[in-house]
Structure formats: C-alpha cells, structure tokens
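Undergrad: generate a structure from the sequence data that follows.
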Amino acid sequence: MDIDVAGRSAYVYTGGRPLAAGGEQPVVMFIHGAQQDHSCWNLQSRWFAHHGFAVLAPDLPGHGRSGGAPLASIEALADWVVALLDALGVKKASFVGHSMGALVALEAAVRDPGRIDKVALIGAAVPMPVSEPLLDAARHDEARAVAMINNFSYSASGQIGRNAVPGLWLLGVNQRLMERQQPGVFGVDMSACNAYARSLDSLAAIAAPLLAIAGSQDRMTPPKAAKAIVAAIPGARLTVIPGSGHALMAEAPDAVLDSLWDFLV
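TA: Below you'll find the model as predicted:
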C-alpha cells in the first residue's frame with residue numbers, strides 16, 4: 001500500500017491483507033532497523049495480519065519503496081511513524097521495533113504516549129553507540145559496512161548456515177536486503193543511532209506495557225542493555241532467546257513470534 005506522509009510517498013506492507021475500515025481490529029506497527037525495510041518482518045507481520053490484527057510494516061523514508069531522503073534522527077523518525085498513523089486515521093497502535101526501529105518505538109512512546117497501546121523492543125540498547133570503524137564504513141564503504149554488520153548480527157551457529165527456513169542462507173539474505181537500499185542510507189541510519197541521546201532515566205515516563213526481547217548471543221545490543229531498559233521502566237519485562245544473535249527475526253523467527261503473540265494478544 002502506498003500513502004502520502006508529510007508530502008512524501010510511503011510504502012506500507014499490511015501482511016497480505018487489506019486494512020479493515022472502521023478500526024475494528026487492534027493495530028500493530030512493525031518498525032525495521034538500519035539499512036533494512038519492511039521485508040525483515042515477513043513472518044511476524046503476515047502471522048498477525050492473518051490472526052486478528054491490522055498490520056502496518058512501513059518502509060521508513062528513503063528505505064525500500066518509500067520516497068524521500070532518510071531522516072537523520074531518531075526523533076524525526078518517531079514523529080514520522082506517528083504522522084503515518086495520522087495519515088491512515090489510526091488513533092492507537094502497538095509498536096514493535098528492531099534495533100534502530102526499537103529506538104524509534106521508544107521515542108514515540110515517550111513523545112506521544114496517547115498513541116501507543118504496547119511497545120515491544122527487539123535488539124535494543126539505550127544509548128546505542130556505533131563504533132567509529134562501522135560509522136566510517138557506513139558513510140564511505142557500504143560493502144565493508146554490510147560485511148561488518150553480517151559478522152556482528154548472527155550467533156556463532158548462525159554464521160555457519162543454520163536457518164529455520166531450509167534452503168536459505170541467513171547471511172546471504174541479509175546481505176541482499178542491505179545492498180538493495182539506496183546509497184547514503186546506511187550512513188544516515190548509523191549516525192542517527194549513534195547520536196540518540198535520550199537517557200535511561202527518562203524512559204520511566206513510558207506508561208504503556210513494554211517487552212524487551214534480546215538474543216543471548218547478541219554482540220551488538222547484548223542482553224545487559226535490554227535489562228537496563230527494563231529496569232528503567234516500571235512494569236516492563238524481558239525475554240531472552242537462547243542462542244540467537246542480533247538479527248532475531250531471521251535467526252529465531254518462531255521464538256520471536258511466540259514472544260510477540262504472548263505479549264500483544
């Protein structure tokens with residue numbers, strides 16, 4: 001589905017089902033991470049769309065099939081996802097975000113609490129510093145940045161070919177997904193993550209139920225980072241998925257889906 005958001009065309013995947021008129025169904029928005037697009041949520045978005053939810057899985061500005069330039073800050077992206085709800089006439093939604101998308105979901109929950117039912121964070125850390133070598137590669141040598149992210153994103157077993165979907169290579173699929181983004185997106189996304197300055201203490205203002213999902217072998221946003229977020233938010237809870245790295249939706253798709261279903265239903 002294509003829709004105008006703030007004067008720019010945006011693509012929103014709806015899980016293979018049209019959005020129902022009248023707002024009878026609960027809405028869940030899936031927010032992808034850096035140098036990604038909606039397709040990283042294929043399993044989870046389709047499952048929810050076919051089991052009683054209205055699904056919104058947008059390509060963020062400048063990513064995938066959405067127009068415009070990539071937005072340079074997490075704050076701007078948080079405002080954009082709320083503007084997307086406005087454009088669709090959606091009053092409230094649950095937000096599910098991965099990595100950079102988790103920061104966007106968090107920021108939206110702080111800035112616009114009345115629009116958020118529940119928040120699920122996957123592979124999250126606050127702050128989310130990016131190493132200087134990766135920042136430099138994302139800005140000037142995207143092929144090297146892709147290789148670095150692939151190395152960092154998967155567990156040891158994921159690196160040697162384990163995949164829940166027979167016949168697919170985890171690293172190859174992720175490489176192609178990152179390579180199909182427009183030049184320049186990678187550097188903007190990494191810089192936005194690195195610059196995000198919200199303090200953990202300020203997250204106590206979040207009143208919506210919150211779940212953090214972490215991979216036990218995540219080297220980019222380790223479980224201790226998710227524990228710090230959960231400790232800062234009253235009533236928040238944590239699920240750690242054994243054996244998974246940072247790319248949890250690909251490496252542990254069923255476990256992620258089960259955790260989301262238990263939380264959002």
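Undergrad: all helices for the chain, in order.
TA: 42-49, 74-88, 100-111, 132-140, 142-153, 156-159, 170-179, 185-195, 223-232, 248-251, 253-264 (DSSP state H).
Undergrad: any chance of those in JSON lines, with mean neighbour count, mean pLDDT and distance to residue 119 too?
TA: Where C-beta positions appear, they are placed from N, C-alpha and C, glycine not excepted. Listed next are the helices of the chain as JSON lines, based on neighbours: other Cβ atoms under 10 Å; pLDDT from 0 to 100; distance: least, Cβ to Cβ, whole Å:
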{"stretch": "helix 42-49", "mean neighbour count": "21", "mean pLDDT": "95", "distance to residue 119": "15"}
{"stretch": "helix 74-88", "mean neighbour count": "19", "mean pLDDT": "97", "distance to residue 119": "12"}
{"stretch": "helix 100-111", "mean neighbour count": "25", "mean pLDDT": "97", "distance to residue 119": "5"}
{"stretch": "helix 132-140", "mean neighbour count": "16", "mean pLDDT": "97", "distance to residue 119": "27"}
{"stretch": "helix 142-153", "mean neighbour count": "18", "mean pLDDT": "94", "distance to residue 119": "22"}
{"stretch": "helix 156-159", "mean neighbour count": "15", "mean pLDDT": "76", "distance to residue 119": "26"}
{"stretch": "helix 170-179", "mean neighbour count": "17", "mean pLDDT": "89", "distance to residue 119": "24"}
{"stretch": "helix 185-195", "mean neighbour count": "21", "mean pLDDT": "98", "distance to residue 119": "18"}
{"stretch": "helix 223-232", "mean neighbour count": "18", "mean pLDDT": "98", "distance to residue 119": "10"}
{"stretch": "helix 248-251", "mean neighbour count": "25", "mean pLDDT": "93", "distance to residue 119": "16"}
{"stretch": "helix 253-264", "mean neighbour count": "17", "mean pLDDT": "96", "distance to residue 119": "10"}
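Undergrad: got a markdown table for those helices, with distance to residue 55 too?
TA: Putting the helices of the chain into a markdown table (distance: least, Cβ to Cβ, whole Å) gives the following:
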| stretch | distance to residue 55 |
| --- | --- |
| helix 42-49 | 4 |
| helix 74-88 | 12 |
| helix 100-111 | 15 |
| helix 132-140 | 29 |
| helix 142-153 | 24 |
| helix 156-159 | 26 |
| helix 170-179 | 19 |
| helix 185-195 | 23 |
| helix 223-232 | 24 |
| helix 248-251 | 14 |
| helix 253-264 | 11 |
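Undergrad: which among those helices is found nearest to residue 13?
TA: helix 42-49 (6.3 Å; Cβ to Cβ).
Undergrad: list the contacts of the closest one.
TA: 13-17, 28, 30, 38, 55, 57, 96, 249, 253, 256-257, 260-261, 264 (Cβ atoms under 8 Å, 6 or more residues apart in numbering).
Undergrad: surely residue 112 touches residue 82?
TA: Yes - counting by Cβ atoms under 8 Å, residue 112 does reach residue 82; the two are 5.0 Å apart.
Undergrad: identify the residue nearest residue 111 in space, chain neighbours excluded?
TA: Spatial nearest neighbour of residue 111, chain neighbours left out: residue 78 (5.7 Å); criterion: Cβ to Cβ, 6 or more residues apart in numbering.
Undergrad: so the one you found sits against residue 108, correct?
TA: Yes - look at residue 78 against residue 108 with Cβ under 8 Å: they come within range, at 4.2 Å.
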